[in-house]
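Asks: Generate coordinates for the sequence data below:
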Amino acid sequence: MLDREKYDQVISGDAFSSAPESTIFEDIKDWDVEELLELRASIDALLPASNLSEMNLEGELVRQYYRVVALQTRTLADERTPANQLAQVSNVVASTLQQLVKMQMDVRRDEQLKLIEVALLEAIQDLPQEAKDSFFARYEKIAERVGAMGKA
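Replies: Predicted structure coming up:
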């Protein structure tokens, strides 16, 4: 569980004010993952992203997974926790894992598509100019059609 006093000292800067620079993080090196995640979340809250492209969605999802696992560990250790709450926590862990797996699959698919695109463009370079022009004309038509579908 989070040591509130240590946490407040770090947030206020008191934990570091008198420490020499080489030992600035000595106070937090023994914190457990849950305490470090809460500290990181506090720091991240002070540094908000200005747009979606600046957000690290993968990192956020991984941190969320660790928070949920910490919650599950605490919940399973508490014998007073009702069975339905245990099931809910387990479902959240499973759901977060599914999101991580999907994200990994999406990244892998995107990387494969980039490789295919590079190979295709290299292969097209060997074609006669007429075939290249035909390909890119078709490509532009499809891109326009797909773009119009995305706007609808």
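Asks: Report all helices and strands that the strand or helix carrying Ala123 contacts.
Replies: Element membership for Ala123 (DSSP states H and E) is helix 83-125. If you count contacts as 3 or more CB pairs under 8 Å, 6 or more residues apart in numbering; DSSP states H and E, helix 83-125 packs onto helix 57-77, helix 129-151. Glycine gets a C-beta too; all of them are placed from N, C-alpha and C.
Asks: nearest to Asp8, of these?
Replies: Evaluated with CB to CB, those place helix 57-77 nearest to Asp8, the distance being 20.1 Å.
Asks: List the contacts of the residue nearest to Lys132 when sequence neighbours are not counted.
Replies: Distances taken as CB to CB, 6 or more residues apart in numbering place Ile124 nearest to Lys132, at 5.7 Å, with adjacent residues excluded. By CB atoms under 8 Å, 6 or more residues apart in numbering, the contact set of Ile124 is 131-132, 135.
Asks: Sketch out the low-pLDDT regions of the protein for me.
Replies: 1-2, 7, 10-24, 50, 52, 149-152 (pLDDT under 70).
Asks: Go ahead and flag the most central residue of it.
Replies: Glu58 (1.6 Å; CA atoms, centre = their mean).
Asks: burial measure for the closest residue to it other than its chain neighbours, as a count.
Replies: Closest residue to Glu58 apart from its sequence neighbours, by CB to CB, 6+ apart: Met103 at 6.0 Å. Met103 has 14 neighbours, counted by other CB atoms under 10 Å.
Asks: ok, now which ones touch Met103?
Replies: With CB under 8 Å, 6+ apart, Met103 has these contacts: 57-58, 61.
Asks: what does Leu76 give?
Replies: Counted by CB under 8 Å, 6+ apart, Leu76 has contacts 86, 89.
Asks: what about it, distance to Ala123?
Replies: 55 Å (CB to CB, to the nearest Å).
Asks: swap in Ser53?
Replies: In terms of CB to CB, Ser53 sits 32 Å off from Ala123.
Asks: Also Glu38?
Replies: For Glu38, the distance to Ala123 - CB to CB - is 52 Å.
Asks: ok, now Arg108?
Replies: For Arg108, the distance to Ala123 - CB to CB - is 23 Å.
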